[in-house]
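Visitor: no FASTA, just this:
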């Protein structure tokens, strides 16, 4: 018999946004507006802060150049 590996969660991590119209359960958890699950900030689906993805310096420079072109900014010569 082969061992079954647990499935990965289909809910990506996101900040908890509690509904105000539904009361909390007996543990004080509220339903999240985004995913519809009971939770609180800091649990598995609702981290306190979202992880940031690093941006390459080349991409950051290209974005800054594009923003400057759109806004009409020029380098001071």
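Guide: Cool, got the structure. Computed from a predicted structure; not experimentally measured. Numbers count the residues shown, from 1 in each chain.

Visitor: what comes into contact with stretch 16-34?
Guide: Applying C-beta atoms under 8 Å, 6 or more residues apart in numbering, the contact partners of stretch 16-34 are 14-15, 37-41, 43, 45-46. Glycine gets a C-beta too; all of them are placed from N, C-alpha and C.

Visitor: swap the cut-off to 10 Å and go again
Guide: For stretch 16-34, contacts defined as C-beta atoms under 10 Å, 6 or more residues apart in numbering pick out 11-12, 14-15, 35-43, 45-48.

Visitor: got a PyMOL select line for the buried ones in these?
Guide: Applied in PyMOL, the following selects the buried portion of these according to 16 or more other C-beta atoms under 10 Å:
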select buried, resi 35+38+39+45+46
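
Visitor: so which of the contacts of stretch 16-34 sit within helices?
Guide: The helices, defined by DSSP state H, take in nothing from the contacts of stretch 16-34.

Visitor: can you give me the pLDDT of residue 69?
Guide: pLDDT, residue 69: 88.

Visitor: residue closest to the middle of this protein?
Guide: Nearest to the mean C-alpha position of the chain, by C-alpha atoms, centre = their mean, lies residue 14 at 3.9 Å.

Visitor: check contacts around that one.
Guide: Residues counted as contacts of residue 14 (C-beta under 10 Å, 6+ apart) are 32, 34-35, 45-47, 50.

Visitor: closest to residue 72 out of these?
Guide: Nearest to residue 72 among these is residue 50, at 33.2 Å by C-beta to C-beta.

Visitor: surely the closest one is within a helix?
Guide: No - with DSSP: H, G, I helix; E, B strand; the rest coil as the criterion, residue 50 is assigned coil and is not in a helix.
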